[in-house]
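Chemist: predicted coordinates and the sequence they were generated for:
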Amino acid sequence: MIELKSPQEIECMHVTGRFVADVLTQLGDLAEVGVNLLDLEHHARSLIKARGAESCYWDYAPSFGNGPFRNVLCLSVNDAVLHGLPHDYVLRDGDVVSIDMAVGIDGWVADSARTVIVGAAAADDLQLVEATEVALEAAIEAARPGNHLGDVSAAIGEVAGRYGYPVNLEFGGHGIGRTMHESPHVSNNGRRGRGMKLLPGLTIAIEPWFAKTTDEITFDEDGWTIRSADGSRTAHSEHTVAITDGDPLVLTRRA
Ligand code: MG
Ligand code: MG
């Protein structure tokens, strides 16, 4: 079932979204050569605790993954793209790091991710990150009443095609609100004019992610970490977005 949110409820989600945006800004600034992934995780934990927010990842136990998740961040480095576990790893020059976080405040959830390059960035890594950001903005632009969900998905696929990156369709965006994952699924490719009609009050997390040279994935033995099957580097960008009567409202926009 798809639950449309009132403007008041969207404002509640915006409060959460602003917090998520602020934390991702801080984590992006912190992610430098020589910093341990665990430092990022612990910084996020302390900010979440101080704010009285609740991590959506902690104790999350979907059908995949070995047991409940016991972190507040997904940190996915280089060929890892989604659900990477914060672990004892010191960031190196040129590492590509996806930072993904979802929390609830007063029962309303926001989910956002960004990819940062640590130290000196390789040109093709910069381009990969840029592609996910351009795709995300194109998808947001399509998130308007009168359009269909397929327009949002197609916008992502079109950008990927322009950059020459293949698109995996197993993991994508999702409805969001009182919980992290609600209906509908928001695929990272689709056909314009297809799928449900977008209505004001629909709130979705849009999250394009691409690997440079494959649309296939592998899981680590931890059951969580998803990597590109060919080891090529990956990037991931995500915002929580509300469809309104007017322009799309990005609830997790960083300042
Ligand atoms: Mg996320
Ligand atoms: Mg998400």
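Modeler: Yep, it's here. Ligands and ions are numbered 1, 2, ... in the order given.
Chemist: in space, what's closest to residue 234 - neighbours in sequence excluded?
Modeler: residue 81 (3.5 Å; CB to CB, 6 or more residues apart in numbering). Where you see a C-beta, it was placed from the backbone N, CA and C, and this is true even at glycine.
Chemist: cool, and residue 119?
Modeler: residue 93 (3.7 Å).
Chemist: pretty sure that neighbour sits against residue 121.
Modeler: No. The pair residue 93 / residue 121 is not scored as a contact, 9.4 Å apart, by CB atoms under 8 Å.
Chemist: those two: who's more crowded?
Modeler: residue 121 (16 against 12; other CB atoms under 10 Å).
Chemist: so the more buried one versus ligand 2, what's the distance?
Modeler: Using CB to the ion, to the nearest Å, residue 121 is found at 25 Å from ligand 2.
Chemist: list the residues that contact that residue.
Modeler: Going by CB atoms under 8 Å, 6 or more residues apart in numbering, residue 121 touches residue 94.
Chemist: which parts of the stretch 101-250 of the chain are strands?
Modeler: 108-117, 173-175, 182-186, 203-206, 209-211, 217-219, 226-228, 234-236, 239-242, 249-250 (DSSP state E, counting those that start in this stretch).
Chemist: quick check: which of the ones you listed is nearest to ligand 1?
Modeler: strand 108-117 (4.1 Å; CB to the ion).
Chemist: touching ligand 2 at all, that closest one?
Modeler: Yes. Against ligand 2, strand 108-117 shows contacts by CB under 5 Å from the ion at residue 111.
Chemist: how about stretch 57-72?
Modeler: No. Shown here: stretch 57-72 not in contact with ligand 2 (CB under 5 Å from the ion), separated by at least 10.3 Å.
Chemist: start and end of that stretch, how far apart?
Modeler: 6 Å (CA to CA, to the nearest Å).
Chemist: can you check stretch 247-255 too?
Modeler: 18 Å.
Chemist: which positions in it come out as buried?
Modeler: Under the neighbour-count criterion of 16 or more other CB atoms under 10 Å, stretch 247-255 has 248-252 buried.
Chemist: what pLDDT, on average, does stretch 210-227 get?
Modeler: Across stretch 210-227, pLDDT averages out at 96.
Chemist: before we move on, back to that, so where does the residue nearest to residue 119 fall, helix or strand?
Modeler: In this assignment (DSSP states H and E), residue 93 forms part of neither any helix nor any strand.
Chemist: what do you get for the one 5 residues further on?
Modeler: Counting by DSSP H and E, the element that carries residue 98 is strand 96-105.
Chemist: that strand to strand 108-117, inter-axis angle?
Modeler: On the basis of axes from the mean of the first three to the mean of the last three CA atoms, to 10 degrees, strand 96-105 is oriented at 170 degrees to strand 108-117.
Chemist: below-threshold pLDDT in this structure: ranges please.
Modeler: By pLDDT under 70, the chain contains no weakly predicted segment.
Chemist: what's the closest of the buried residues of stretch 247-255 to residue 176?
Modeler: residue 251 (9.1 Å; CB to CB).
Chemist: mind listing what that closest one touches?
Modeler: 10, 13-14, 16-18, 110, 203, 239-242.
Chemist: please apply the same query to residue 227.
Modeler: Residue 227 touches 79-81, 217-220, 234, counting by CB under 8 Å, 6+ apart.
Chemist: out of those residues, who's the most crowded?
Modeler: Most surrounded of the contacts of residue 227: other CB under 10 Å gives residue 234, at 30 neighbours.
Chemist: my read: that one touches residue 128, true?
Modeler: Yes. Applying CB under 8 Å, one finds residue 234 in contact with residue 128, separated by 7.4 Å.
Chemist: what touches both of the two?
Modeler: In contact with both residue 234 and residue 128: 96, 210, 212, using CB under 8 Å, 6+ apart.
Chemist: nearest to residue 226, of those residues?
Modeler: residue 210 (12.8 Å).
Chemist: what's the neighbour count on residue 1?
Modeler: Neighbours of residue 1 using other CB under 10 Å come to 5.
Chemist: sounds good, over and out.
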